[in-house]
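Engineer: predicted model follows, preceded by the sequence.
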Amino acid sequence: MQRMIGKRAVSSLISLVGLVVLVFFLSRLTGDPAALYLPIDASEEMRQNFREIHGLNDPLLVQFGRYIGDLAVLDFGESIRKARPAIEVVLEGFAWTLQLALITMTLVTLAAVVLGSLAAFRVGSLFDRLASMLSLIGASAPDFWIAIVAIVVFSVGLGWVPTSGTGTVWHWILPIAVLFIRPFGLIVQVVRGAMLTALGSAYVKTARAKGVRNRPIIFVHTLRNAMLPVITVIGDQAAALLNGAVVVETIFGFPGVGKLMIDSILQRDFNVILAAIMVTALAIFVMNLLIDIAYALLDPRIRT
Amino acid sequence: MTPRSLITGLLLASAAAVPGLAQEGRDVTIVLGEEVDLVEPCMATRSNIGRIVLQNISETLTELDVRGDGGVMPRLAESWEQVDDNTWRFNLRQGVAFSDGSAFDAEDVKHSFERAQSPEITCEISRYYEGIEITPTVVDAHTIDFRTEPAQPILPLMLSLLTIVPSETPMEFTREPIGTGPYALAEWNPGQNIRLERRDDYWGEQPEVTGANYLFRTDEAVRAAMVQAGEADIAPSISAIEATDPAMDKPYPNSETTYLRIDHSVAPLDDIRVRQALNLAVDREAFIGTILAEGTEIATAIVPPTTIGWNSEITPPPYDLERARALLEEAKADGVPVDSEILLVGRTGNFPGATELYEALQAMLSEAGFNIRLQMVEVAEHEQYYSKPYVDDRGPILVGAQHDNSRGDPVFSMFFKYDSEGRQSGIADARADELIAAATAATGDEREQLWSELFAYLHDEVVADVLLFHMVGFARVGPEVEFEPTIATNSQLQLAEIGLK
C-alpha cells in the first residue's frame, strides 16, 4: 500500500511540473495583460511602465526562472488585479469550492447508491423506469438553465430560498441542488448497471439459494463489488466540481475557485491562474489517491 | 405547518438575529454586474470602481451636474478662477475631515494629483491629463494653483475626475481607501460583498441612506430577480430583455454611443462614396424596439446629445438602398475595388444584443452590395483592431465599438477618436486636427461653436464613420427606495441621491 502511494506521488509530481510549465507559457501566449488592465486609451508610456513594474518586459525564460525560484519558497507572486498575494486569493476561493463539492458529492453518493441499487433490484419496474428517466434528464439538462429556472421558481415565485449569494444556510440550497442533479443522474445509471452485473453473478445466486434475504444481498454482498466502477465515476465528478463549478458559481455569485479562474483568465492575471491550477491539481491528486485507497480497501486483489 | 411557512419562519428568525438592521434610516443593497478588484480612489474613473467609490468614499474638487444644467459645480473646492491663461486657482472648502479624522487641506490636493500621476503606480485617472504639463502649487492651507502647459480652459471640469486622498496615502494601491465623502468603507469580503457606512462627521448634508451593501452577480437575470425578490434595492444595469416590469425598470441614456470605426487608409474605404454607401445601407430605425431597447436614439456624433457643442442640425443619413448601390457602382466605374472583402469586427458581449446587431448590419451591408465578413472577438483581441499601432498590410476594416462620454465636454473623446495622432482614430485629416486643437483651447461660446463645427464636418464632409446609436440602459429599482438613474449611472452611483420610502 505504501509503495503504491509513493509511486502515485512521484507520477503526480511529474505531471504537476509539466502542468506548470505548460500553463506558464500558454498563458503568456494569450496576450499582454497591460492591454486589459490599463484603460484602452492608455499611452505607450503607461503600458511600458506597467510592464516594468510587473516584470513583464524581461525575456520569457527569465520570467519563468524567477517564477520557479519564487515557487520553490512557496511564493506564488502577487495578483496584478487585486494587489494581493495570489495564493491568498486562490485559497479563499478554494475553501468555498471545497465545501460545495464535499457537501454535494456526499449527498449525491448517498442518494445515487440507494436509488441505483433499488432500481437494479427491480429491473423493469415502474420505479426503475422512473429512476432511469429522471436520471437521464438530470444528466443531460444544462445547469445554467436549471439554475435560472430554479431561481425564478423557488426564489422569486415561491420565496423559499434566497436567489443567490452567501451568508446563511439557505444560500447553499439552490447551488447544491443544481450541482447535485448532473452527477446524481450519471451515478444512478452507473450504480444500476454495476449492480445488475453483480446481481447476475454466481455468488448472489448462491446466497439466494442459501435463503439470504434481499436487503443483505443488496447492501452487503453485491454493493461492495459493484462499488468499484462507481467510485471511479464519483471521483471524476468530484474532480469536475473541484475544478470549479464555474457556471453555478457564476450565476449564484458564489466566490469559488472556478469563477476566480475564469475571471483571472479573462483579465490575464497570470499568477492567480497558475496558483489556482496548482491548488486544484494538488486537490485532484489527493482525491485520486483517496480513490485508490478506497479501491484497495474494497478489493483485496488491488492491495498488492 | 407547511414547509413554506416553516422556511419563512426560520428565515425571519435568522434575519432577526442579524444585528444593526432596522434602525432609523436604513441600509440599501445594490447589486452590480462586475466585481471590483480594487477600491482605489485613483482608479475611480474605471466604471466598476467608480460606482462604489466616486462621491461616496472619495470626493473631487468639482462635480459635473448630471441632473440639471448646473455645469461644473463646487464640491471640495468652493470656488475657482482663472488667474492667467495657464493658471487656475482653487479655493478649498474649510472644516472638511477625512474619514481617518485628519483635516483636508491644499497639501492633500497636491499629493492626490501627484500620486495619480506618479509612475510608481498605474492610476487610471492620469490618462485624462495626458499630454498636459500640470504643476500644482500650494498657496496656503486652503488655496491651490494649477499651472498648465498648454492652457486648459476646462481644467475645472477635468478636476471633477481627480479623487482626493490624504497626503499620507502611500504610492501604492491602497486596500483601505480614506476619503472625505459621506460614506466610508466598513467591510470588504472579496468575491462576496462590500459595505459602506455613513459617516457622522461628514461636512455636507447627511444623506438618508445609512449604508450600502454591494453584491456582485454576473448574470443579469439574477440581478433582476434579486430586486424582484426584495433581496436588493437597486440593480443599476440590467438588459432590455430583463426589463419587463415598467413599475420597477427605469430606462436611461447610458452615455454609450455605438458606431463602426472606418479605417480610411485602406481601399475601398478611402473613397468617400463607399463610406456614404455604408451609411445609407444601414436601416437604423429597424433596430430600435427590436434588437435594441425602445428609447435608443440614432447618433449623429460620437458623444451623447447632452454634451456641449451638440449640433442638432446634423441629420442622420436616410436608409436608401438604391442610392447606396448607385454610389458603389459609380465608385466601381472609377476603379475603386468595391468588391474587396471588408472585415467587420465586433466585440462579444460588449452590450446586450451585440452579436445580433452586428449580424443584422452584415446582412444590411451585404444587401447593398458590400462583401462583408463578420468576426466577433473578445475584448483583448478587439483592442488590437481598435487601437494604434494598427497592423501593417491589413485589409479594409470596420471596427464596431462603443464609446462612453458622460463628462459633458467632447474634449474627452475627439482627439482620441479623430485626430491624426489619436490612438483610435481612423482618419488623418488636417482640418479636423485644426478644429480639435482650436476647440480644446477655446472657452465659452467659441468652444461650443468649434465643437459644433467639428461634428458637422466629420459627419457630412469627411463621413468619418458609421455612427449608429446612443444607447439606453435599464436600472431596476425596488419599491422601497427612490432612485432616478442618469447619464452618469454607468460610472457613478451616489448613495446620497437615493431616497427611502
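Structural biologist: Sure, I can see it. This structure is a prediction, so every number in the text was calculated from the model and none was measured. Numbering: from 1, shown residues only, chains lettered A, B, ... in the order given.

Engineer: find the nearest non-adjacent residue to residue 172, please.
Structural biologist: No chain was given, so I picked chain A. Nearest residue to A:Trp172, sequence neighbours excluded (CB to CB, 6 or more residues apart in numbering or on different chains): A:Ile103, at 7.2 Å. Any C-beta I mention is one placed from the backbone N, CA and C, and that applies to glycine too.

Engineer: ah, I was thinking of chain B
Structural biologist: Closest to B:Glu172 by CB to CB, 6+ apart is B:Ile121, at 5.9 Å.

Engineer: surely that neighbour and B:Thr174 touch.
Structural biologist: No: taking contacts as CB atoms under 8 Å, B:Ile121 lies outside contact range of B:Thr174: 9.7 Å.

Engineer: looking at these two, which is more packed in?
Structural biologist: B:Ile121 (21 against 18; other CB atoms under 10 Å in any protein chain shown).

Engineer: so what's that one up against?
Structural biologist: B:42, B:115, B:171-173 (CB atoms under 8 Å, 6 or more residues apart in numbering or on different chains).

Engineer: just checking, which helix or strand of chain A averages the lowest pLDDT?
Structural biologist: helix A:33-37 (a mean of 66; mean pLDDT, DSSP states H and E).

Engineer: following that one, which helix or strand comes up?
Structural biologist: As assigned by DSSP states H and E, the chain's next helix or strand after helix A:33-37 is helix A:44-53.

Engineer: which residues does B:Thr62 bridge with?
Structural biologist: Beta-bridge pairing for B:Thr62 (DSSP bridges): B:Pro74.

Engineer: got the residues of the stretch 201-304 of chain A near chain B?
Structural biologist: Contact residues (CB under 8 Å from any CB of the partner chain) of the stretch 201-304 of chain A with chain B: A:250-253, A:255, A:259-260, A:263, A:266-268.

Engineer: name the member of these with the most neighbours.
Structural biologist: A:Phe252 (31 neighbours).

Engineer: isn't that residue right next to A:Gly167, touching?
Structural biologist: No: with contact defined as CB under 8 Å, A:Phe252 and A:Gly167 do not form a contacting pair (11.9 Å).

Engineer: ok, back up a step: any chance of JSON lines for the residues of the stretch 201-304 of chain A next to chain B, columns distance to A:Ile173?
Structural biologist: Shown next, in JSON lines, are those (distance: CB to CB, whole Å):
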{"residue": "A:Thr250", "distance to A:Ile173": "18"}
{"residue": "A:Ile251", "distance to A:Ile173": "14"}
{"residue": "A:Phe252", "distance to A:Ile173": "10"}
{"residue": "A:Gly253", "distance to A:Ile173": "14"}
{"residue": "A:Pro255", "distance to A:Ile173": "17"}
{"residue": "A:Lys259", "distance to A:Ile173": "19"}
{"residue": "A:Leu260", "distance to A:Ile173": "23"}
{"residue": "A:Asp263", "distance to A:Ile173": "25"}
{"residue": "A:Leu266", "distance to A:Ile173": "29"}
{"residue": "A:Gln267", "distance to A:Ile173": "31"}
{"residue": "A:Arg268", "distance to A:Ile173": "35"}
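
Engineer: the residues you listed into JSON lines, with extra columns for pLDDT?
Structural biologist: Below are those laid out as JSON lines (pLDDT from 0 to 100):
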{"residue": "A:Thr250", "pLDDT": "86"}
{"residue": "A:Ile251", "pLDDT": "88"}
{"residue": "A:Phe252", "pLDDT": "87"}
{"residue": "A:Gly253", "pLDDT": "85"}
{"residue": "A:Pro255", "pLDDT": "85"}
{"residue": "A:Lys259", "pLDDT": "85"}
{"residue": "A:Leu260", "pLDDT": "87"}
{"residue": "A:Asp263", "pLDDT": "81"}
{"residue": "A:Leu266", "pLDDT": "73"}
{"residue": "A:Gln267", "pLDDT": "72"}
{"residue": "A:Arg268", "pLDDT": "73"}
